[in-house]
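Trainee: heads up, no residue letters with this:
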């Protein structure tokens with residue numbers, strides 16, 4: 001992975017926090033390069049991510065070197081399962097934006113009301129609940145991505161948040177941000193007389 005890729009991973013991790021798509025130490029971001037995945041460390045707020053907070057793991061989730069003060073994200077396997085199903089993507093973002101997560105809490109799909117959402121998001125499946133970081137959640141994500149249409153680039157995790165996946169970290173970030181904007185517009189427009 002190049003220095004530019006690492007800098008992009010740090011930049012968009014922080015941007016997720018700045019745009020309120022994650023809070024506290026929630027959320028994680030990864031990039032796949034060949035048979036390696038670079039992922040934000042567990043227990044770290046994305047607002048504070050530095051280059052040294054990115055771990056390199058193999059496709060089984062094992063760190064490729066020692067990281068004495070860091071631990072892999074508890075959602076590492078979730079990211080790996082997306083990459084195993086969708087060979088065409090090289091970025092996964094897991095976030096908990098408020099409006100999107102409100103739909104996820106209710107187990108409801110976000111209506112595609114805007115022109116952008118209809119064209120770019122098309123449909124956002126919702127998968128059932130499982131505890132964060134669990135093998136059950138990773139399996140549900142694997143099955144959800146496998147069953148989703150190839151045009152799908154995001155899924156909701158019931159009572160949890162979203163997973164966006166795409167080619168290119170900027171594109172993946174834009175998808176996550178558009179999902180939150182769409183959820184917000186849907187909520188607000190539903191409150192209008």
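Mentor: All right, it came through fine. Computed from a predicted model, the values in this text were never measured in an experiment. Numbers count the residues shown, from 1 in each chain.

Trainee: is it true that residue 78 touches residue 163?
Mentor: Yes. Here residue 78 lies in contact with residue 163, judged by C-beta atoms under 8 Å, at a distance of 7.1 Å. C-beta coordinates here come from the backbone N, C-alpha and C atoms, glycine included.

Trainee: would you list every one of the helices in this protein?
Mentor: 3-18, 76-85, 98-106, 115-116, 135-147, 169-191 (DSSP state H).

Trainee: number of nearby residues for the residue nearest to residue 170 when sequence neighbours are not counted?
Mentor: In space, and not counting its chain neighbours, residue 170 is closest to residue 12: 7.1 Å by C-beta to C-beta, 6 or more residues apart in numbering. Applying other C-beta atoms under 10 Å, we find 22 other residues in the vicinity of residue 12.

Trainee: for residue 161, see how far away residue 12 is.
Mentor: Between residue 12 and residue 161 the distance, using C-beta to C-beta, to the nearest Å, works out to 16 Å.

Trainee: burial of residue 188, as a residue count?
Mentor: 10.

Trainee: distance of it from residue 175?
Mentor: Using C-beta to C-beta, we find residue 188 at a distance of 21 Å from residue 175.

Trainee: now residue 164
Mentor: Relative to residue 175, residue 164 is positioned 4 Å away (C-beta to C-beta).

Trainee: repeat that for residue 125.
Mentor: 14 Å.

Trainee: okay, buried residues for stretch 35-51 please.
Mentor: Applying a neighbour-count criterion of 16 or more other C-beta atoms under 10 Å, the buried positions in stretch 35-51 are 37, 38, 39, 40, 41, 42, 44, 45, 46, 49.

Trainee: do the same with stretch 17-30
Mentor: Buried positions in stretch 17-30, judged by neighbour count with 16+ other C-beta under 10 Å: 17, 21, 22, 23, 26, 27, 28, 29, 30.

Trainee: would you turn those into TSV with distance to residue 169?
Mentor: Below are the buried residues of stretch 17-30 laid out as TSV (distance: C-beta to C-beta, whole Å):
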residue	distance to residue 169
17	15
21	14
22	15
23	20
26	18
27	14
28	13
29	8
30	9
